[in-house]
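Chemist: pasted the sequence and its predicted model underneath.
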Amino acid sequence: MKLIFKNESFSDDFRDLLGFVDADIKLIHIKSELITATKELIDIVGKDTFQLAIDVFESESPNNEDLDLLYFFRYPIALNAYRYFAPSNDLSHSKNGRMMRVEENEKAAFQWMIDQNNKVLERKYYRSLNDLFDFISDKSTWKESDHYKKLNQNIVKSVSDFNNYFV
């Protein structure tokens, strides 16, 4: 399985993708979460559909539509990886055990704030999957895949469908 991120530009790409992250996160620190998030996305869309993103990622000169496609694959992966990464990054794992990280001009969030943010990140992730599905909906690789057929057998196919029944 290939990751669709480059080590050299990862921190900048990650910050650009998520927008709300201002930390300089190196690929090596979040790589295991990226692998998990990538595997989960491949389970949803299938290997053949994910290959579209790999082809663009490995392309010498992608056009604007190709870059859009790469974005729609990268965003849910980055978001999901960050959801997995953030809880253990909130604490410092030192020789003295787990410690709260607090900078001079910062204050640690209350637990209810963290819980609320976790819920927001989860909703963003599922919305990003819907955006990906919408973007690739005209790709024959996706439309002909077993994953697409399985997804369309579901009663609830999107977040908006879900919201019709459960607010």
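Modeler: Perfect, I can see it now.

Chemist: please make it C-alpha for all contacts and neighbour counts, starting now.
Modeler: Noted.

Chemist: can you map out the strands along the chain?
Modeler: Listed in chain order, the strands of the chain (DSSP state E) span 91-94, 97-100.

Chemist: check which helices and strands the last one sits against.
Modeler: By that I understand strand 97-100. Secondary-structure packing of strand 97-100 (3 or more Cα pairs under 8 Å, 6 or more residues apart in numbering; DSSP states H and E): strand 91-94.

Chemist: which neighbouring elements make contact with the strand it packs on?
Modeler: With contacts taken as 3+ Cα pairs under 8 Å, 6+ apart, strand 91-94 sits against strand 97-100.

Chemist: which residues touch stretch 66-82?
Modeler: Identification of contacts with stretch 66-82 by Cα atoms under 8 Å, 6 or more residues apart in numbering yields 4, 14, 17-18, 30, 33-34, 36-38, 41, 50, 53, 56-57, 121-122, 124-126, 128-129, 131-132, 135-136.

Chemist: okay, and which of those residues map to helices?
Modeler: The members of these that map onto helices under DSSP state H are 14, 17-18, 30, 33-34, 36-38, 41, 50, 53, 56-57, 121-122, 124-126, 128-129, 131-132, 135-136.

Chemist: just the buried ones from those residues?
Modeler: 14, 17, 30, 33-34, 37-38, 41, 50, 53, 56-57, 121, 124-126, 128-129, 131-132, 136 (16 or more other Cα atoms under 10 Å).
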